[in-house]
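Colleague: Predicted model, plus sequence, below.
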Amino acid sequence: MARIRKEIRALGETWNETVHWYAKAVGVLKPKLVTQKSSWRYLAAMHDFDRQAWIRLGYLTPTETLPGQLEQDRYWMQCQHQSWYFFPWHRAYLLTFEDILRGVIQSMGGPADWALPYWNYSDKKNPAATKVPEAFLEQTMHDGSVNPLRVAARFGTSVDPDDVDLTDRIADKDFIGIDKSPGIGVGGPRTIFSPHGHQEGLVEAAPHDPVHGEVGGRGGLMSNTTTAALDPIFWLHHANIDRLWEVWRTRDPLNKNPTDPEWLNGPTKLRAFALFGADEKDRPSNPKDVQSTTALGYDYDDISDPLKGTTRRFMRLEALLSRVQNREFTAELGVRSMAMPTSELLGSNDAEVTLGPGSVKSRVNFATRPLTTLTNSFTKSLMSAETPGEPDRVFLHLENIRGKDGSGVFDVVLHRPDAPPGSAGVRAGSISLFGLEQASQTEGDHTGNGLNKTLEITKAVDAMKLDPAQAKTLDVEIIPRSDVRAEDDIKVGQITVHRLSGQ
């Protein structure tokens, strides 16, 4: 019978049996040598590792012996981000961690069916859902002993509800997205072994990234890929991300994982995944090996659909119908042509943008013809009862973001070119820069390409009712919502706007 991973607050009181044993096991793993595969630090380094950062934060001494380089090259620094391997690699990684913890718990007399809890910060039924669970904040456990779940370098106690809203995160049916295009899917784009620096999937963009940044805060463990897994809250966060993969997969029969052998067999061209069980022996951990949670020995207590079956298409058409007066559409929505969607550049800015403690604006210059085509699509998609369809989608793409601190969270606001000074504009969404430092490095796998961030702005552009004959530009305002400083030296290489048609 499969073990059941349960939501942490659904387990009852703060120090329920599951959380009690989690804390106890973490306390056992933390003192172990970093060279031991079952140690807290070895497991964290499998995600990512930075020797100097670990020394600075007190997780490593300058003279401490590390595993040999060949072993590090095989097992350490494997995390998959901005990649179609994001979901499956983290699932295999969680399983390694959970199996080792359960073995420790059993050795202490704990339950043989212990399973890792998860933190569902997106639960709108629970007003406390966005707060960091209490067990990770208290100085001591219920028995008065030091609490291993609390860490000094965690500076956030909650997350913003808007940043963990799932409405625009799991409604798409596409796992991969559109290759070489800002059009993004739920699971991430086609990549080789990818620690950083490509286009991210919808769930990685949010809630994954902002939870890291907002819980970690400036200088916190969770805000940097090289230290995130040292924080015990990391594992509950990723258990929830793993659960959301199941929620997406089961909420609609059309939601399918990739069948491409390059996904199923993992990134064999550059570096293979290397994960192991409680016996510390390697086991198959490629995407084809981890598609079924039940086959892996666990299930979740709740994978119900929080959107109640609503798809991205229905949400957008409902919003657009309000713009058409005195029309009733009774025809059932049909399936449009299966032709591949096409991407077209609408416009771009003309200079690099520097982000800092204050808001900044950058002007995107539009080409007239593509903007006219886009605007027409908003009307045509609704004006034919015989062949109703979906309007073109619009994406704001922030390319080649580099910098020295990845804890930053920013709101993005769009302004009409004729907007009066001080006007509020239309909020397009938010971006989190988790992983920025590593993606900015010029050595190794990163090549200094930085992060790419994409926001779908279809609703925002539609709400602005831009006139193609007059709208030559669009102002993009980027507003810091966290402790961003000038010395972070955050640069955005280019801002572009694209339309995606033919869906």
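Modeller: Looks like it arrived, so ask away.
Colleague: CA only for contacts and neighbour counts going forward, please
Modeller: Fine.
Colleague: Could you chop this protein up by domain?
Modeller: Domain assignment for the chain by automatic domain parsing gives 3-300, 312-501.
Colleague: how about those domains in a markdown table, adding mean pLDDT, mean neighbour count and distance to Pro306?
Modeller: Shown next, in a markdown table, are the domains of the chain (pLDDT from 0 to 100; neighbours: other Cα atoms under 10 Å; distance: least, Cα to Cα, whole Å):
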| stretch | mean pLDDT | mean neighbour count | distance to Pro306 |
| --- | --- | --- | --- |
| domain 3-300 | 95 | 19 | 8 |
| domain 312-501 | 77 | 18 | 14 |
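Colleague: Show me what the lengthiest strand in the chain is packed against.
Modeller: Looking across the chain with DSSP state E, the single longest strand is strand 490-501. In terms of contacts (3 or more Cα pairs under 8 Å, 6 or more residues apart in numbering; DSSP states H and E), strand 490-501 is packed against strand 342-348, strand 353-355, strand 360-366, strand 393-402.
Colleague: what's the spacing between stretch 255-269 and its chain's center?
Modeller: Computed by Cα atoms, centre = their mean, to the nearest Å, the chain-centroid distance of stretch 255-269 equals 20 Å.
Colleague: Stretch 137-149 too?
Modeller: 30 Å.
Colleague: same question, stretch 19-26
Modeller: With Cα atoms, centre = their mean, you get 26 Å for stretch 19-26.
Colleague: What of stretch 458-474?
Modeller: With Cα atoms, centre = their mean, you get 29 Å for stretch 458-474.
Colleague: Over to stretch 37-56?
Modeller: For stretch 37-56, the separation from the chain centroid amounts to 21 Å (computed by Cα atoms, centre = their mean).
Colleague: hang on, Asn126 is in a strand, isn't it?
Modeller: No. Remark: Asn126 does not belong to a strand; assigned using DSSP: H, G, I helix; E, B strand; the rest coil, it is coil.
Colleague: what ranges do the helices span in the chain?
Modeller: Assigned by DSSP state H, the helices in the chain fall at 17-29, 40-47, 51-56, 69-75, 86-107, 202-203, 209-216, 233-251, 261-264, 293-296, 312-321, 368-383, 436-440, 458-464.
Colleague: which strands and helices sit next to the first one?
Modeller: Right, helix 17-29. So helix 17-29, by 3+ Cα pairs under 8 Å, 6+ apart, packs with helix 86-107.
Colleague: Tell me the helices and strands packed up against the helix it packs on.
Modeller: helix 17-29, helix 233-251, strand 275-276.
Colleague: Select, out of these, the one closest to Asn265.
Modeller: strand 275-276 (14.4 Å; Cα to Cα).
Colleague: Quick check: neighbours of that closest one in the sheet, parallel or antiparallel?
Modeller: strand 282-283 (antiparallel) (DSSP bridges).
Colleague: Now do the partner strand: everything it contacts.
Modeller: Strand 282-283 is contacted from outside by 274-277, using Cα atoms under 8 Å, 6 or more residues apart in numbering.
Colleague: Which member of these is positioned nearest Ser343?
Modeller: For the contacts of strand 282-283, the nearest to Ser343 is Ala274 (36.7 Å; Cα to Cα).
Colleague: show me the contacts for Trp235.
Modeller: Residues near Trp235 by Cα under 8 Å, 6+ apart: 94, 118, 229.
Colleague: Let me know the closest of those residues to Phe175.
Modeller: When the contacts of Trp235 are ranked by distance to Phe175 (Cα to Cα), Leu94 comes first, at 20.9 Å.
Colleague: The closest one is in contact with Asn240, isn't it?
Modeller: No. Applying Cα atoms under 8 Å as the test, Leu94 and Asn240 come out as separate, 10.9 Å apart.
Colleague: need the contact list for Arg243.
Modeller: So Arg243 contacts 300, 303 (Cα under 8 Å, 6+ apart).
Colleague: Distance of it relative to Phe273?
Modeller: 21 Å (Cα to Cα, to the nearest Å).
Colleague: Repeat that for Ser482.
Modeller: Applying Cα to Cα to Ser482 and Phe273 gives a distance of 34 Å.
Colleague: picking up where we left off before, please produce TSV containing the helices and strands packed on strand 490-501, extended by distance to Gly448.
Modeller: Shown next, in TSV, are those (distance: least, Cα to Cα, whole Å):
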stretch	distance to Gly448
strand 342-348	22
strand 353-355	17
strand 360-366	23
strand 393-402	8
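Colleague: between these, which gets nearest to Glu477?
Modeller: Glu477 lies closest to strand 360-366 among the helices and strands packed on strand 490-501, at 4.2 Å (Cα to Cα).
Colleague: so what does that closest one touch, helix or strand wise?
Modeller: strand 342-348, strand 353-355, strand 473-480, strand 490-501.
Colleague: Make CSV from these and add distance to Thr18 to it.
Modeller: Listed next are the helices and strands packed on strand 360-366 as CSV, based on distance: least, Cα to Cα, whole Å:
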stretch, distance to Thr18
strand 342-348, 48
strand 353-355, 43
strand 473-480, 38
strand 490-501, 41
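Colleague: Out of those strands, which gets nearest to Phe395?
Modeller: With Cα to Cα as the criterion, Phe395 lies closest to strand 490-501 of the helices and strands packed on strand 360-366, at 5.3 Å.
Colleague: Distance check, the closest residue to Asp99 other than its chain neighbours against Leu296.
Modeller: Distance criterion Cα to Cα, 6 or more residues apart in numbering; nearest residue to Asp99, sequence neighbours excluded, is Ala278 at 5.3 Å. Distance from Ala278 to Leu296, counting by Cα to Cα: 13 Å.
Colleague: same check, this time on Asp143
Modeller: Separation of Asp143 from Leu296 (Cα to Cα): 34 Å.
Colleague: For the protein, which residue occupies the most central location?
Modeller: Glu204 (1.8 Å; Cα atoms, centre = their mean).
Colleague: what sits against it?
Modeller: By Cα under 8 Å, 6+ apart, Glu204 lies in contact with 81-82, 86, 187-188.
Colleague: for the residue lying closest to Val484 once chain neighbours are set aside, what are its contacts?
Modeller: Spatially, and ignoring its direct neighbours in sequence, Val484 is nearest to Pro357 (5.0 Å; Cα to Cα, 6+ apart). Contacts for Pro357 (Cα under 8 Å, 6+ apart) come out as 480, 483-486.
Colleague: If we only consider those residues, which is nearest to Lys459?
Modeller: Of all those, Lys459 sits closest to Pro480, with 22.3 Å by Cα to Cα.
Colleague: From Ile457, how far out is the closest residue to the closest one other than its chain neighbours?
Modeller: Nearest non-adjacent residue to Pro480, counting by Cα to Cα, 6+ apart: Phe410, 4.4 Å away. According to Cα to Cα, Phe410 stands 15 Å off from Ile457.
Colleague: now swap in Ser145 and tell me
Modeller: Relative to Ile457, Ser145 is positioned 50 Å away (Cα to Cα).
Colleague: cool, and Gly403?
Modeller: Distance from Gly403 to Ile457, counting by Cα to Cα: 25 Å.
Colleague: before we move on, what about Phe276?
Modeller: Between Phe276 and Ile457 the computed distance is 42 Å (Cα to Cα).
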